[in-house]
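> Structure of the sequence below:
(one chain, ligands or ions: 1)
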Amino acid sequence: MTTLFTADGLTKAYPGVVANDDVSFSVAPGEIHALLGENGAGKSTLVKTIFGLVKPDRGAMTLHGAPFAPADPSAARRAGVAMVFQHFSLFDALSVAENVGLGMENPPPLGRLARRITEVSQEYGLPLDPSRRVGDLSAGERQRVEIVRCLLQDPKLLIMDEPTSVLTPQEVEILFRTLNQLADEGTAILYISHKLGEIRALCERATILRRGAVVATCRPSETSSAELAELMVGSALSRPERPAETAGDTILEVRGLTLPPASAFGTRLQDVSFTVGEGEILGLGGVAGNGQDELLAALSGEMSSAADAIRLEGAGIGRTGPRERRALGLLTGPEERLGHAAAPDMSLTENAALTGWQREELTRNGLIRWGRARDFAERIIAEFDVRTPGPDAAARALSGGNLQKFVIGREILQRPRVLVVNQPTWGVDAAAAAAIRQALLDLAREGSAVVVISQDLDEILEVAGRFAALNGGRLSEPVPADGLTMERIGLMLGGAHDMEAAHAGPHHA
Ligand SMILES: Nc1ncnc2c1ncn2[C@@H]1O[C@H](COP(=O)(O)OP(=O)(O)OP(=O)(O)O)[C@@H](O)[C@H]1O
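Next up is the predicted model:
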């Protein structure tokens, strides 16, 4: 087998943790190679090393048989390595072509660049109009901007970090066709994902990391999802149990909620109505950008509405502020963990106090009781298996999935009357996702009302008793989740979000 890239003994330590421990593996030209591992296993550190963002403490890499030690991403790009990140770095107010140009080493003049974008997007089946404003694009289209930007540099090794978490099933299909085409042409792809089904369908080989070290290499198509998960965690997985659910008295009632968009590129909520009862989990599905952020802001109190549009145990709270809503027992966990749910530079103790100070009685005379706050943070870390050296670690030092466990655990441990979460297991590995879903089920079993907003339909069907779909700021009538087929859900989501719909953008639906 010819080899395009090798890593030999890569080691990188951070305070209290060895993120990459003597990692060796190789990638052949045209190979789609998966990097698998639990949250914090070291996948991002490894690909950041390859992309010149992290300097290894020890070890070496080769590309095309020559030593490869990129000083920074631009050196990596010049050598033929490109990377599509989990979070996009695009400017909403600029056009597709302008955004692509900004990320290139030597961009051609705008007109020529626009023509190249059209050519490449046609060649690889990634429909994209170079003159559109990025702010008007769906998540899938934004990702295409990033991919086309990479392709214009003619990469030999393309790194993708959880590329499908923001995509509709149809968009995933398009992406996979593109990746297979690239592989056929000889481009190697390094693919990070927690979605084992996708990895089994797409990837030829997988390197599995556990606690920073390579524990196995396998052919995913010949390995079951259960076996893969077991290799990742070192033990068998348990599936959450959904008890037969009987909704008790209504706790949260939303009636005719209409709200303007949260931002220039947001979605107007139109006449949204639903109820959630004691002990019930309501699942709200839909592609991101269809009013999820606005609904969460309306429920958290960040946006105020007509007083009676939102009722908590009978009382109209539409005009009540966020702090008072928390005191009343309505807690929310937004989607964006770094920046919105957690302050990146603050420690976990400080982040625990940020939303927990009232209900966990973490203040006295207006001052934080740091001992108690630290205990609370430690309890979250222990009960939600957050992998971190301790509560003094800064939020930004945690791997994405571990921070997600922390911010969800922080709300669940406050015993909410109503918990509303958006994308609760985004970027979380299979074992941790199962644990978070189980914790949501347990919370409902103890009598809380829970609203789970998610793009992951499997997740919703696993936890929710009833299901409704958000589309263009409108919510469908909630129906029992039992017996719902994917086809039926597709129809509820406003018909297939096929290419046409994706192209028009969900904001204009
Ligand atoms: N800048 C940093 N400072 C301190 N520790 C870090 C830093 N970056 C990563 N780590 C630690 O290194 C370990 C590996 O993290 P990494 O982000 O590579 O994991 P991952 O496999 O990509 O996880 P996930 O699936 O959650 O994204 C984790 O324990 C993490 O907390």
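
> Return the residues of this protein in contact with the ligand.
14, 17, 19, 37, 39-45, 387, 397-402, 427, 429 (C-beta under 6 Å from any ligand atom). All C-beta atoms are positioned from the backbone trio N, CA, C, and that covers glycine.

> So which of these belong to helices?
Among those, the members found in helices (DSSP state H) are 43-45, 400-402.

> Could you list the low-pLDDT ranges of the stretch 51-200 of the chain?
86-88 (pLDDT under 70).

> Which parts of it are strands?
Secondary structure of the stretch 51-200 of the chain (DSSP state E, counting those that start in this stretch): strands at 58-63, 66-67, 81-84, 157-161, 188-192.

> Adding distance to residue 91, write those strands out as a markdown table.
Listed next are those as a markdown table, based on distance: least, C-beta to C-beta, whole Å:
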| stretch | distance to residue 91 |
| --- | --- |
| strand 58-63 | 31 |
| strand 66-67 | 36 |
| strand 81-84 | 17 |
| strand 157-161 | 20 |
| strand 188-192 | 25 |
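
> Throw those into TSV and include mean neighbour count, thanks.
As requested, these are exported to TSV (neighbours: other C-beta atoms under 10 Å):
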stretch	mean neighbour count
strand 58-63	16
strand 66-67	8
strand 81-84	23
strand 157-161	24
strand 188-192	23
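
> To residue 73, which of those strands lies closest?
Of all those, strand 81-84 sits nearest to residue 73, with 7.5 Å by C-beta to C-beta.

> Who does that closest one pair with, and is each partner parallel or antiparallel?
strand 157-161 (parallel) (DSSP bridges).

> if we look at the partner strand, which residues are touching it?
Strand 157-161 has contacts (C-beta atoms under 8 Å, 6 or more residues apart in numbering) with 4-5, 27, 43-44, 47, 50-51, 63, 80-86, 150, 179, 182, 187-192.

> The residue of the stretch 401-509 of the chain found nearest the ligand: how many residues sit nearby?
Residue nearest to the ligand within the stretch 401-509 of the chain (C-beta to the nearest ligand atom): residue 401, separated by 3.1 Å. Neighbourhood size, residue 401 [other C-beta atoms under 10 Å]: 26.

> so how far is residue 29 from residue 183?
9 Å (C-beta to C-beta, to the nearest Å).

> swap that for residue 82, please
15 Å.

> quick one on the thing from earlier: looking at residue 183 and residue 29, which is more packed in?
Using other C-beta under 10 Å, the more surrounded residue of residue 183 and residue 29 is residue 183, with 20 against 17.

> Which residues are in contact with residue 46?
Residue 46 makes contact with 7, 10, 20, 23, 35, 209, according to C-beta under 8 Å, 6+ apart.

> Helix or strand: which one has residue 327?
Assigned by DSSP states H and E, residue 327 belongs to helix 322-328.

> Show me the helices in the stretch 301-450 of the chain, by range?
Under the criterion DSSP state H, counting those that start in this stretch, helices of the stretch 301-450 of the chain are mapped to 322-328, 348-356, 370-383, 400-412, 430-445.

> coming back round to it: what about the contacts of residue 46, which are in strands?
Members of the contacts of residue 46 lying in strands (criterion: DSSP state E): 7, 10, 20, 23, 35, 209.

> Let me know how buried the fourth one is, in neighbour terms.
Read it as residue 23. Residues lying near residue 23 (other C-beta under 10 Å) number 24.

> again, but for the fifth one
For residue 35, the count of nearby residues is 26 (other C-beta under 10 Å).

> what does the first one give?
Counted by other C-beta under 10 Å, the residues lying close to residue 7 total 22.

> Residues in a beta bridge with it, which ones?
residue 25, residue 61.

> list the contacts for the residue of the stretch 401-509 of the chain closest to the ligand?
38-40, 194, 427-429, 432 are the contacts of residue 401 under C-beta under 8 Å, 6+ apart.

> quick one: residue 451 is in a strand?
Yes - assignment of residue 451 by DSSP: H, G, I helix; E, B strand; the rest coil places it within a strand.

> show me where pLDDT drops low in the stretch 351-500 of the chain?
Applying pLDDT under 70 to the stretch 351-500 of the chain flags residues 487, 490, 494-500.

> can you rerun that using 50?
495-500 (pLDDT under 50).

> Report the residue ranges of every domain in the protein.
Domains of the chain are assigned by automatic domain parsing as 5-233, 250-342+398-508.

> how about those in CSV, adding distance to residue 372?
As requested, the domains of the chain are exported to CSV (distance: least, C-beta to C-beta, whole Å):
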stretch, distance to residue 372
domain 5-233, 24
domain 250-342+398-508, 13
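
> Quick one: closest of the ones you listed to residue 352.
Nearest of the domains of the chain (C-beta to C-beta): domain 250-342+398-508, 5.8 Å.

> What is the distance between the closest one and the centre of its chain?
Taking C-alpha atoms, centre = their mean, to the nearest Å, the mean C-alpha location of domain 250-342+398-508 is offset from the chain mean by 15 Å.

> same thing with stretch 394-403?
Taking C-alpha atoms, centre = their mean, one finds the center of stretch 394-403 at 13 Å from the center of the full chain.

> got the CA coordinates for that stretch in CSV?
In CSV, the C-alpha atoms belonging to stretch 394-403 read as follows (Å, rounded to 0.1, in the frame of the first residue of the first chain):
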residue,chain,number,x,y,z
ALA,A,394,-11.2,26.7,32.4
ALA,A,395,-14.2,25.8,30.4
ARG,A,396,-12.3,26.2,27.1
ALA,A,397,-9.7,23.6,28.2
LEU,A,398,-12.4,20.9,28.1
SER,A,399,-13.0,18.8,25.0
GLY,A,400,-16.3,19.7,23.3
GLY,A,401,-18.2,16.7,24.5
ASN,A,402,-17.0,17.0,28.1
LEU,A,403,-18.1,20.6,28.3
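
> buried residues in that stretch?
The neighbour-count check on stretch 394-403 (16 or more other C-beta atoms under 10 Å) flags 394-395, 397-403 as buried.
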